[in-house]
Each structure stands twice: as C-alpha cells, then as structure tokens.
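Trainee: here is my input, please return the structure:
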Amino acid sequence: MEELFRIETTRGAEVPVSGSPEEATSAKVPAHLDTSQPAVRRAPLLPERRGIDLFMIDPLSGVILKSDMQSLEHPIFSLSKVRDMSIYTYSHNENWLKVTPSIIGRATIYDRDLILYITSHIVRAVNEGTPVSQTVRLTAHDFLKFANRGNGGRSYDLLRESLTRLSGTRIETNLKTNDHQEFRTFGLIESASILRETREGQMLDLEVKVSDWLFKAISNSEVLALHPDYFRLKRPLERRLYELARKHCGRQESWVVSLDVCQKKSGSRGELKEFRRMVREIVDTNAETNHFPDYNIRMEGDYLIFELRGGSALAKPIGIPDGSRPKLKSDTYEKARKAAPGLDVYALEADWISFWESSGRPKLKTPDGAFVSYCKSRVSGAKKRA
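Mentor: Got it, this is the predicted structure:
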C-alpha cells in the first residue's frame, strides 16, 4: 500500500455555512482578465482572514508559503475567470509547453492555491526530516483558511471544481527538473478523492496525489517562498506579475522587463495595448496603496520595472547592514543557477553571506566569482555526502 503524507489539521473541521459576502458579490467582478471593461475601483486587497505576519501561514505551525520555481517562471495556469477550453501553447528560448484543458476547463491561477498549500507543507516536512509521499491527506477547512477564502458552501463547491480541473488539465513540456531536460506529459495532480463529507454533501477530508514532476521539484528544493498577501491579490494578472517578480527579481534591487516579454511570460493572450492598460491600472493603484507584495512597480515607456521594497522581508534576510554586504551583479544569479541547478540561489546567497560574516568579513576582490565558487562547492559537497 502506498505511503501517505498527512497534513495535520490545526483544529477540528467545521461544518460549512451558507455563502460568504464575498461570494455573494463575486458576480460583479469582470469575468475575464482580457476584458476591455474598466475595473470597478475598490479595495486593492481582499480582507485578511488568517491573522498572520510576513511569510508565516500559521504562526502555530510555522509553515512558509512556497511555490515550485517552474510554475513561477512559465505560464502554466489560466488567468481566465470563466471556463477556458482552449489549448494553450508557449515557448521561450529553448523551453516550451502545451496545456490541454480538462472537460470543465484549464486549471486556473486560483486552482493553483491547492498546489501551493501542498507544496508548502511538503517542504516543511522535508526540512524537518519527516517522511513525505506524493499522496497527501488534508482537511478542506484548513486549506480554505490557508488560501484566505471564506468557509461558506460555495467555497467547498469551488474546491471540488478545482480538483477536477487540476487532475484533468494535461501538460506536455520539456521543462527541466533537477537539471534534467526531457519530454514529459502529466496532470497537475495525478488524482484526488474526497474521503468524508457532511450530510449536505460538502467535503471535510480529501486525498491528493501530486504529479511526479512536481514532487521531484519539491524534493530537490526547487522552490521559492512567497508573501502571504499573494492570496489577497484580487486580479489574476496581479498574482502572475508577483510570481514573475519573485522568480526574476528575487532579492535583487530591481528587474526590468519589456511589456511584450512580460505579456508572453504572464500567459495573457489579449492585445498588447490592452495588456498595457491593465498593467498601467495595477501600477497606478499600487502607487496609491502600496498593496503589491515585496515590490514597487513602475512603467517607463514599453518597459515594466520591479524594485524590491525596502521594508520587505526579502530585503533583510541576514541582519547585516546593506552597505557592508558584498554586492552581486544581476547576471551572477544566472551563473549561480547553472553552477547549482535546482537550488534556490537566493537562499544560497544568504548562506554565503552568513559564511562570509562568520569568517570575519574578509575583503573580496571579486564577490561574484566568490559566490559562484561557493555554489559549486555546495553542489560538490552534496554529491560527496550522497
């Protein structure tokens, strides 16, 4: 019998009640990302329902929100709020993927929340030395709390639909995991089953088996931490822009990308002028509210610029004054990724800085070369231990 990884529940499951106020007003939201209808001005973030700070999903469990890096880099999930039945193809440099929808549509960026929940708990268990498996048992109530959703009956119905889309959506791709590039075809999750339901037919417990591709990425630490306000972002495009910023800007001071490349990597399929309008609206709203997690955003001509916000937890990972830390060039991170494939280069940078500090902060003639050498030594040491 296959092993099972059980995510411990934070409290007893509650019997869901009728739909929340947010669900009752959801019909007023424009149905599709690529719509020409102007968005109605309202609060930029959804209400906070979890009572958490910084990266902590639950202050009692210490689970950090994590995502695999490939789905941050590439547009796997649909940005549509209506059923997306189209086959989506994407290619960039040497990478390509083809996404075929399920019978009820392609998996959306909101369906992705369940994968983030599972990923975060598996990563925590791996870090603690707890045995894990591809099959995960979880409580629906805890997931809804994690994703900052309501506990109404509609939320459980939407979760049921997510399971169908995630298991039915098929991916064909040559994307690498653990530095191995090969053709693969798989579902975003292999299977899902509902174990217990209320008398009203609403789920309490469920089991999900994640794909080999995703489990391999998680097991090899090909993950990055996300800010929990990711779940409070209302617009699909805002979520996707944050994902791209987290992957490409990371802990660097800034990242510049052209609007046409950003549109391609976001997965938006409308006209470029419409994409520009939607991005401009997000940029203008953030200028008023500073609601976008971790980064400031601005536009200059046909370029979008992400700048790491000084107050972000990403900007202060080590506790050493910024002025005294070795500075790395932007292309050094790409060299580091090649030197240490599958590892989080920003986590390696934090370890390297800590090692440099413990060594008495010696003067480095070439910090970039020193960091890349450190990454190579980490990989070499890991192979020797294996």
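Trainee: which SSE is residue 143 in?
Mentor: When elements are assigned from DSSP states H and E, residue 143 belongs to helix 140-146.
Trainee: averaged pLDDT, that helix. What do you get?
Mentor: Taken as a whole, helix 140-146 has an average pLDDT of 90.
Trainee: go on, stretch 338-348?
Mentor: Taken as a whole, stretch 338-348 has a mean pLDDT of 80.
Trainee: dump it to PDB, restricted to CA.
Mentor: What follows is stretch 338-348, C-alpha atoms only, in PDB (Å, rounded to 0.1, in the frame of the first residue of the first chain):
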ATOM      1  CA  LYS A 338      24.000  26.900 -13.700                       C
ATOM      2  CA  ALA A 339      26.600  26.100 -11.000                       C
ATOM      3  CA  ALA A 340      23.900  24.800  -8.600                       C
ATOM      4  CA  PRO A 341      21.000  23.600 -10.700                       C
ATOM      5  CA  GLY A 342      17.800  23.000  -8.800                       C
ATOM      6  CA  LEU A 343      18.800  25.100  -5.700                       C
ATOM      7  CA  ASP A 344      17.400  28.400  -4.600                       C
ATOM      8  CA  VAL A 345      20.200  30.900  -5.500                       C
ATOM      9  CA  TYR A 346      18.800  33.500  -3.100                       C
ATOM     10  CA  ALA A 347      18.900  31.000  -0.200                       C
ATOM     11  CA  LEU A 348      22.500  30.100  -1.200                       C
END
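Trainee: flag every buried residue along it.
Mentor: Burial within stretch 338-348, assessed by neighbour count using 16 or more other C-beta atoms under 10 Å, is assigned to 339-346, 348. Placement of C-beta: from N, CA and C, glycine included.
Trainee: which one of those residues is nearest residue 278?
Mentor: When these are ranked by distance to residue 278 (C-beta to C-beta), residue 346 comes first, at 28.5 Å.
Trainee: for the chain, what helix or strand is lowest in average pLDDT?
Mentor: One helix or strand of the chain scores below all others by mean pLDDT, DSSP states H and E: helix 21-24, with a mean of 35.
Trainee: so where's the stretch 101-250 of the chain shaky on pLDDT?
Mentor: Under the criterion pLDDT under 70, the flagged ranges of the stretch 101-250 of the chain are 176-183.
Trainee: do a quick rundown of the helices in it.
Mentor: For the stretch 101-250 of the chain, helices defined by DSSP state H, counting those that start in this stretch occupy the ranges 112-128, 140-146, 153-168, 212-219, 236-248.
Trainee: so how far is the following helix or strand past the last one from its chain's centroid?
Mentor: By that I understand helix 236-248. Stepping forward along the backbone from helix 236-248, the first helix or strand reached (DSSP H and E) is strand 254-258. Remark: strand 254-258 is offset 19 Å from the chain centroid, using C-alpha atoms, centre = their mean, to the nearest Å.
Trainee: repeat for stretch 294-306
Mentor: Centroid separation between stretch 294-306 and its chain, computed with C-alpha atoms, centre = their mean, is 20 Å.
Trainee: let's see it as PDB, backbone CA atoms only.
Mentor: In PDB, the C-alpha atoms belonging to stretch 294-306 read as follows (Å, rounded to 0.1, in the frame of the first residue of the first chain):
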ATOM      1  CA  ASP A 294       7.500  42.900  -1.700                       C
ATOM      2  CA  TYR A 295       8.000  45.100  -4.800                       C
ATOM      3  CA  ASN A 296       7.200  48.500  -6.200                       C
ATOM      4  CA  ILE A 297       6.200  48.600  -9.800                       C
ATOM      5  CA  ARG A 298       6.600  51.400 -12.400                       C
ATOM      6  CA  MET A 299       6.400  51.700 -16.100                       C
ATOM      7  CA  GLU A 300       8.800  53.600 -18.300                       C
ATOM      8  CA  GLY A 301       7.700  53.500 -22.000                       C
ATOM      9  CA  ASP A 302       7.400  49.900 -23.000                       C
ATOM     10  CA  TYR A 303       9.200  48.600 -20.000                       C
ATOM     11  CA  LEU A 304       8.000  47.400 -16.600                       C
ATOM     12  CA  ILE A 305      10.300  47.900 -13.700                       C
ATOM     13  CA  PHE A 306      10.100  45.900 -10.400                       C
END
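Trainee: which strands or helices does the helix holding residue 143 pack on?
Mentor: helix 112-128, helix 153-168, strand 203-210 (3 or more C-beta pairs under 8 Å, 6 or more residues apart in numbering; DSSP states H and E).
Trainee: SS state for the most centrally placed residue in the chain?
Mentor: In the chain, the C-alpha closest to the average C-alpha coordinate belongs to residue 67, at a distance of 4.0 Å (C-alpha atoms, centre = their mean). Using DSSP: H, G, I helix; E, B strand; the rest coil, the secondary structure recorded for residue 67 is strand.
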